[in-house]
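Novice: Sequence first, then the predicted structure, then my questions.
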There are 2 protein chains.
Amino acid sequence: MASRFGLRIELVSKDRPEIQSDDLEQIAVSSARSCAPRLGKGFFVEDAGLFVNALRGFPGPYSSYAYSTIGYEGVLDLLREKEDRSAFFLSVICHYDGRYRTFTGKVEGRISPSARGSSGFGFDPIFIPDGETHTFAEMGPRKNEISHRARSAEIFFRTLINGR
Amino acid sequence: MASRFGLRIELVSKDRPEIQSDDLEQIAVSSARSCAPRLGKGFFVEDAGLFVNALRGFPGPYSSYAYSTIGYEGVLDLLREKEDRSAFFLSVICHYDGRYRTFTGKVEGRISPSARGSSGFGFDPIFIPDGETHTFAEMGPRKNEISHRARSAEIFFRTLINGR
């Protein structure tokens, strides 16, 4: 997507501490702060999570850990007797150019009764965005056009090219 | 317990960032490091978690977050169809006196079929230590004599009074 905006992005792999917080924006800003001394100006970090309303936002900021331990089967187990299956994916980008700014993308949806599809990663097989019948994992590349991450990235890139 | 060792402890409430990690010791050391500039020498931090083997250690370092979102009911739900109900509580103390040292206490046990008892806190109502028939939450003050935290504290205090 960056190239569509005439932007060139370089991926930098850095071990960086992520703080524990139920606020994804706070985590992203803290991560960016810890990278700034090494990376200087002109970088961004991104963090994302799946927030399930009936589970008070779980797994939220700990989606990656939850996925690697209980998996999406775990989330399905936790919702087995819940009527409310609404959920949302959140992506927060924090950009540093001398100041820290965040850009948020959100996709509302619901947790499917069972896992479907094999594209994407993480909780994609159990998340159906509002207005869709397919899970993220059944969408193939189309997911990348409508995802939470697409939304945060689009706002971020538009801001950059507009020089704001 | 500290007074039994002739030690006086002062509780300091500080907001401190906790990093995300599946290693409790790493979290405790990192927390201590972030407190050292403000507190100087002679303090310790403690972190604890419940690790369920059939859930690959979940909720582990994120026990507090898991408790406040899915609760112990969530852990029972996740184990509904698992045969292996073994689990352990871990407590890690990190003490700073110019260098960082950690002291670990562990209690092996199992997740009870249902919640029992009302003393203690967190996941105490669903954890039965090995060799016991009662959950931590059914033990009242006796829990404080045999808990993971009692064990880490005892090793720590003994080291302190022996001047090591």
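Specialist: Done, it's in.

Novice: is the biggest helix by length in chain A up against chain B anywhere?
Specialist: Identified as the longest helix of chain A according to DSSP state H is helix A:24-39. Yes - counting by Cβ under 8 Å from any Cβ of the partner chain, chain B has neighbours in helix A:24-39: residue A:30. C-betas here are computed from N, CA, C, even on glycine.

Novice: so how far is that helix off the chain centroid?
Specialist: Chain-centre distance of helix A:24-39: 16 Å, with Cα atoms, centre = their mean, to the nearest Å.

Novice: tell me which residues in it are buried?
Specialist: By 16 or more other Cβ atoms under 10 Å in any protein chain shown, the buried positions in helix A:24-39 come out as A:24-32, A:34-35, A:39.

Novice: following it, which helix or strand shows up next?
Specialist: strand A:43-52 (DSSP states H and E).

Novice: which residue packs closest to the most centrally placed residue in chain A, ignoring adjacent ones?
Specialist: Compute the mean C-alpha point of chain A, and by Cα atoms, centre = their mean the closest residue is residue A:48, 2.5 Å away. Once flanking residues are discounted, residue A:48 sits nearest to residue A:91: 4.3 Å by Cβ to Cβ, 6 or more residues apart in numbering or on different chains.

Novice: got the contact list for the helix or strand hosting residue A:152?
Specialist: Using DSSP H and E, residue A:152 falls within helix A:148-161. For helix A:148-161, the surrounding residues in contact (Cβ atoms under 8 Å, 6 or more residues apart in numbering or on different chains) are A:1-2, A:5-7, A:44, A:46, A:48, A:88-93, A:95, A:101, A:103-107, A:144.

Novice: what's the average pLDDT for it?
Specialist: Taken as a whole, helix A:148-161 has an average pLDDT of 93.

Novice: again with stretch A:36-44
Specialist: Stretch A:36-44 comes out at a mean pLDDT of 90.

Novice: how far does it stretch from start to finish?
Specialist: Length of stretch A:36-44, first residue to last, Cα to Cα, to the nearest Å: 10 Å.

Novice: Check the offset of that stretch from the chain's centre.
Specialist: Between the centre of stretch A:36-44 and the centre of its chain there are 21 Å (Cα atoms, centre = their mean).

Novice: next one: stretch A:18-27
Specialist: Taking Cα atoms, centre = their mean, one finds the center of stretch A:18-27 at 13 Å from the center of the full chain.

Novice: how far does that stretch stretch from start to finish?
Specialist: End-to-end distance for stretch A:18-27: 6 Å, by Cα to Cα.

Novice: same thing with stretch A:59-72?
Specialist: One end of stretch A:59-72 sits 10 Å from the other (Cα to Cα).

Novice: Could you list the buried residues of it?
Specialist: Buried, per 16+ other Cβ under 10 Å, within stretch A:59-72: A:59-63, A:65-67, A:69-72.

Novice: Format those as TSV; extra columns: pLDDT, distance to chain B and secondary structure.
Specialist: Below are those laid out as TSV (pLDDT from 0 to 100; distance: Cβ to the nearest Cβ, whole Å; DSSP: H, G, I helix; E, B strand; the rest coil):
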residue	pLDDT	distance to chain B	secondary structure
A:59	97	8	strand
A:60	95	7	strand
A:61	92	8	coil
A:62	93	5	coil
A:63	95	11	helix
A:65	93	6	helix
A:66	96	7	helix
A:67	96	10	helix
A:69	96	4	helix
A:70	97	5	coil
A:71	97	9	helix
A:72	97	12	helix
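
Novice: and the nearest residue to residue A:68 once chain neighbours are set aside, what does it touch?
Specialist: Take residue A:68 and drop its neighbours on the chain: the residue closest to it by Cβ to Cβ, 6+ apart is residue B:56, 7.1 Å away. Residues in contact with residue B:56 (Cβ under 8 Å, 6+ apart) are A:68-70.

Novice: With distance to residue A:123 as extra columns, can I get these in TSV?
Specialist: Formatted as TSV, the contacts of residue B:56 follow (distance: Cβ to Cβ, whole Å):
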residue	distance to residue A:123
A:68	12
A:69	13
A:70	11
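
Novice: now, which of these sits nearest residue A:139?
Specialist: Among the contacts of residue B:56, residue A:68 lies closest to residue A:139 (Cβ to Cβ), at 23.0 Å.

Novice: Now do that closest one, the pLDDT please.
Specialist: pLDDT for residue A:68: 94.

Novice: any idea of the angle the helix or strand of chain A with the lowest mean pLDDT forms with strand A:43-52?
Specialist: Least confident helix or strand, chain A: helix A:24-39 with a mean of 91, by mean pLDDT, DSSP states H and E. Angle, helix A:24-39 to strand A:43-52, by axes from the mean of the first three to the mean of the last three Cα atoms, to 10 degrees: 160 degrees.
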